[in-house]
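Novice: this is a predicted model, with the sequence first.
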Amino acid sequence: MGVSKRYIIEVEQGKPTKAVERLFDYMRETGVDIYGQLRDVTNRG
């Protein structure tokens with residue numbers, strides 16, 4: 001895959017990667033807003 005084992009472990013642990021940090025820095029600088037919607041999944045039947 002061309003990525004280090006350390007990178008995969010950090011992603012699996014939910015640690016931010018430099019690429020993701022830079023993406024969010026760019027988005028903040030350019031005024032991009034991100035919205036999310038959570039739905040209740042507790043009553044799945």
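Specialist: Right, received. Where do you want to start?
Novice: name the element Gly2 belongs to?
Specialist: Secondary structure from DSSP states H and E places Gly2 outside every helix and strand.
Novice: number of nearby residues for it?
Specialist: If you count neighbours by other Cβ atoms under 10 Å, Gly2 ends up with 4. (Glycine included, C-beta is placed from N, CA and C.)
Novice: state the distance from it to Ile8.
Specialist: 11 Å (Cβ to Cβ, to the nearest Å).
Novice: longest single helix anywhere in this protein?
Specialist: As assigned by DSSP state H, the longest helix anywhere in the chain is helix 18-30.
Novice: and that one, average pLDDT?
Specialist: For helix 18-30, the mean pLDDT works out to 87.
Novice: give the other helices and strands that that helix contacts.
Specialist: If contacts are counted by 3 or more Cβ pairs under 8 Å, 6 or more residues apart in numbering; DSSP states H and E, helix 18-30 sits against no helix or strand.
Novice: any idea how far that helix is from the chain center?
Specialist: Distance of helix 18-30 from the chain centroid (Cα atoms, centre = their mean, to the nearest Å) equals 11 Å.
Novice: neighbouring contacts of that helix?
Specialist: Ile34 (Cβ atoms under 8 Å, 6 or more residues apart in numbering).
Novice: cutoff 6 Å now
Specialist: Outside helix 18-30, no residue is within contact range by Cβ atoms under 6 Å, 6 or more residues apart in numbering.
Novice: buried residues in that helix?
Specialist: Within helix 18-30, no residue is scored as buried using 16 or more other Cβ atoms under 10 Å.
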